[in-house]
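Asks: model the following, please.
(one chain, ligands or ions: 1)
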Amino acid sequence: MTDKLVSQLQSHVPNIDLKLISQGAEALVFETTTHPYSSSPSLRNASQFIIKYRPPKPYRHPKIDAQITKQRTSGEAKFMYKLSKLAIPCPSLISCDFSHGIIWMEHLGKNLPNGNISSLKNWLWYLEKSSDTEARCSGDDVQQLCFEVGKLIGRLHLNDMIHGDLTSSNIILEEQDSVWAPALIDFGLSSFSGLPEDKAVDLYVLERAVDSTHSDFAQSYNAWILQGYEAAHELKRFKKFGKKKHLETIKRLEEVRLRGRKRSMLG
Ligand code: AMP
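Replies: Residues are numbered from 1 along each chain as shown. Presented below is the predicted three-dimensional model:
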C-alpha cells in the first residue's frame, strides 16, 4: 500500500530521491536531497528538504477528495507563508502543488546523537533517559527552552493564529549559537481565530500532550511554557492589550481543563 502511494508521488515529482520518514492518516512525509528548481550546488546537494504529500483517499468521492486535498494543502501553505512573514520560526516554503497535495519545504532540525530528529519530544526523551536525568531535566537550559516554546506560542496567538495540533513532536529544535531555538511544524489543522476559547484549547492540547509524553517532568515543563506564554504578552508594544488577552486566554484555559477533567471522569 505504501509502495503504491510512493509511486503516486513519484509520478508527480519524477526522478528525485525520496525517503519516507513519517506516515500519518492524512499525509506522508519524505526527506529528499533534491531542490525542485535551484541550480545552486549548496542548495542542491548540501541540504535536505521535506516533501509532505496528501495522497488521494479512495473512500472519498473523487471530486470531493480533490477539493479537500486542495483546500488542506493550500490552507497549510498559506499558514506557513503568514508565519514566515511574521518571522515566527517554521519551515520555509519551497514549492507547492495544491492539486496533487504536495508541499516542498525546508528541512528543520538535525539528528540527535541517537539518530532521532531534534524535535522537542526527542530532545526531552534523550535527556529523560540520560544518567543524571533529574539535574538535566530541571536545569536552566530546559527551563529556558520551555520558556521559549511558550513565547513562540504566545506570538502565534497574539497574531490570532491557532496551530490546532500542538505536541512536543510538532516543535522542532534548531541550533542557534549553541542554544536550541524552537520552530513549529505541521499546520494541517491550523486556523485563524481571535477567540480565547480557541487559544485555550490550543494550549490545553499541548499541556495534555506534555503530560502524556513527558509525565515525570510535565508539571515543570508546562509551568515554564506558560511563563513564556505570559512573557510574550507582556512586551511593551502590546501595552494593556497584551495583558488583557493573556488573562482572557488563561481564564478560559482553566475552564477547558475543568471540562477535560469532567469528561475523563465520565469516561
Ligand atoms: P507532520 O505530518 O507534518 O506532523 O510530519 C510528521 C513528522 O515529519 C514530524 O513529526 C517530523 O518528525 C517530520 N517533519 C515534518 N516536517 C518537517 C520539517 N519541515 N523539518 C523536519 N522534520 C519534519
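
Asks: what about residue 180, which helix or strand?
Replies: Take DSSP states H and E as the rule and residue 180 turns out to sit in strand 179-184.

Asks: and for residue 38, the neighbour number?
Replies: A total of 12 residues lie near residue 38 under the criterion other Cβ atoms under 10 Å. Every C-beta, even on glycine, is put in place using the N, C-alpha and C of the backbone.

Asks: give the contact list for the residue lying closest to residue 251 once chain neighbours are set aside.
Replies: Nearest residue to residue 251, sequence neighbours excluded (Cβ to Cβ, 6 or more residues apart in numbering): residue 196, at 7.4 Å. Neighbour list for residue 196: 245, 248-249, 251-252 [criterion: Cβ atoms under 8 Å, 6 or more residues apart in numbering].

Asks: immediately after the strand holding residue 180, which helix or strand?
Replies: Counting by DSSP H and E, the element after strand 179-184 in chain order, helix or strand, is strand 191-192.

Asks: and the contacts of that next one?
Replies: 160-162, 164, 198.

Asks: still on that earlier bit, show the pLDDT at the residue nearest to residue 251.
Replies: pLDDT for residue 196: 98.

Asks: what residues go with each domain of the protein?
Replies: 2-106, 120-266 (automatic domain parsing).

Asks: okay, those in JSON lines with distance to residue 113 next?
Replies: Shown next, in JSON lines, are the domains of the chain (distance: least, Cβ to Cβ, whole Å):
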{"stretch": "domain 2-106", "distance to residue 113": "18"}
{"stretch": "domain 120-266", "distance to residue 113": "7"}
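
Asks: among these, which is nearest residue 112?
Replies: Set against residue 112 and scored by Cβ to Cβ, the domains of the chain come closest in domain 120-266, at 5.5 Å.

Asks: alright, calling it a day.
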